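*Asks:* Next one to model:
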Amino acid sequence: MNRTPVHIITGFLGSGKTTFLNHFIKERLPERIFVIENECGETNVDGALVMDGVEEVVELSAGCLCCSLADGLLDILEEASKRRDQYDRLIIETTGIADPSSILQVFLEDPRVEKVFELQQVICLADAGLVEEWITEAEEALRQIAVADVILLNKKDTVSAEQLSRTSEVMHGINPQAKTFTGQKGQFPIDEILSIGTSKPETIENSKVSHHHHHEHGSEENNSHKITTFTLTFPNPLDLNHLQLELNRIVHLYRSQVYRVKGFIAIPNYPNRVILQSARSTFIATDGSPWESPDQREGKLVFIGRGLKKAAFEKMFNRHMVEVGQV
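*Replies:* Just a heads-up that it's a prediction; the model follows:
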């Protein structure tokens, strides 16, 4: 049986997540969609969600899905896996103050989940008029943008064309791998969004990001919102066994600073690319496509984080590069 496609919808408070979700559901009819929605408060599910096309809405109200309810999510996914014949697609809408990276981690790291569900995208909604203020004031807003595969700048009718263009550039500066769309009232091209599939290995492998960004949001003295995006390239294979210790070091020492790492590397005596990506407190390595040439196997990793020093990470990884004669 094919794996069930999964989409995570995130975004800061008031960005229009539920409105977009309703639009998504209507556009995908007659598909049956299973929705997991997590909002803090007494009334968790918008009544408008109960419409044709929704198989069920599951409420997670005891805190944020992103942290304390990781086990709760696994329980719900286990139940959902037993009823796969009742729906075609799974959507998780996070609370507005959630860091979605731990949800991402569940789908990438847990083999029980990966066997049944295929995470296709993390979609981040952002209020075009307020998002620059959000990323200055809220760490969660930055993380939502950093882990996203697709960024939807909503409420474009509330800003000028100049501001919309500037805000789009800011989004690209924070997360150059994400595709940004602009729209209003939650209306976005669903088919085009779904075709991007940037959580998929082939899209990671084809990424053209090769530049370096350094953005500050806030005053010069306030380094807590300094976003850095850079790409490391590796002309030779890396020793993954030894590199594993370095990756553990990164997630423990830099956990609060590293938001997302995505890319692929070569390893000795292996014909395929190895997809490497981080999700919260772990790195996940998965099999990629075969290298076209055994002599040209250049790896690339894109880092997104706060106050990161490219030279330090370059040194960290390069010490595990294998000489050509040894592979």
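
*Asks:* all contacts plus neighbour counts: C-alpha atoms, from now on.
*Replies:* OK.

*Asks:* Let me see the ranges of the helices in the stretch 1-150 of the chain.
*Replies:* Assigned by DSSP state H, counting those that start in this stretch, the stretch 1-150 of the chain shows helices spanning 17-28, 70-81, 101-109, 111-116, 131-137, 139-147.

*Asks:* Over to the stretch 201-327 of the chain?
*Replies:* For the stretch 201-327 of the chain, the helices defined by DSSP H, counting those that start in this stretch occupy 201-205, 240-253, 310-318.

*Asks:* So which of the helices of the stretch 1-150 of the chain is the most surrounded?
*Replies:* Among those, ranked by average contacts under mean count of other C-alpha atoms under 10 Å, first place goes to helix 139-147 (a mean of 25).

*Asks:* and the next helix or strand after it, what does it pack onto?
*Replies:* For helix 139-147, the following helix or strand on the C-terminal side (DSSP states H and E) is strand 150-154. Using 3 or more C-alpha pairs under 8 Å, 6 or more residues apart in numbering; DSSP states H and E, the elements in contact with strand 150-154 are strand 117-127, strand 179-182.

*Asks:* low-scoring stretches of the stretch 51-200 of the chain, by residue?
*Replies:* Where the stretch 51-200 of the chain drops to pLDDT under 70, the residues are 51-71, 197-200.

*Asks:* and with 80 instead?
*Replies:* 51-72, 95-99, 102, 197-200 (pLDDT under 80).

*Asks:* who wins for proximity to Gln86 among the helices and strands packed on strand 150-154?
*Replies:* Ranking those by proximity to Gln86 (C-alpha to C-alpha) places strand 117-127 first, at 14.4 Å.

*Asks:* What's the end-to-end length of stretch 251-271?
*Replies:* With C-alpha to C-alpha, to the nearest Å as the measure, stretch 251-271 spans 28 Å from end to end.

*Asks:* got the buried residues for it?
*Replies:* Neighbour counts over stretch 251-271 (16 or more other C-alpha atoms under 10 Å) mark 251, 257-268, 271 as buried.

*Asks:* Adding distance to Leu276, write the helices of the stretch 1-150 of the chain out as CSV.
*Replies:* Shown next, in CSV, are those (distance: least, C-alpha to C-alpha, whole Å):
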stretch, distance to Leu276
helix 17-28, 29
helix 70-81, 22
helix 101-109, 11
helix 111-116, 16
helix 131-137, 27
helix 139-147, 14
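
*Asks:* just so I know, which of the ones you listed lies nearest Asn241?
*Replies:* helix 101-109 (17.9 Å).

*Asks:* Do a quick rundown of the strands in the stretch 151-300 of the chain.
*Replies:* Applying DSSP state E, counting those that start in this stretch to the stretch 151-300 of the chain gives strands spanning 179-182, 213-216, 226-234, 258-265, 272-279, 282-290, 299-306.

*Asks:* how's the protein carved up into domains?
*Replies:* Domain ranges of the chain: 4-199, 204-326, per automatic domain parsing.
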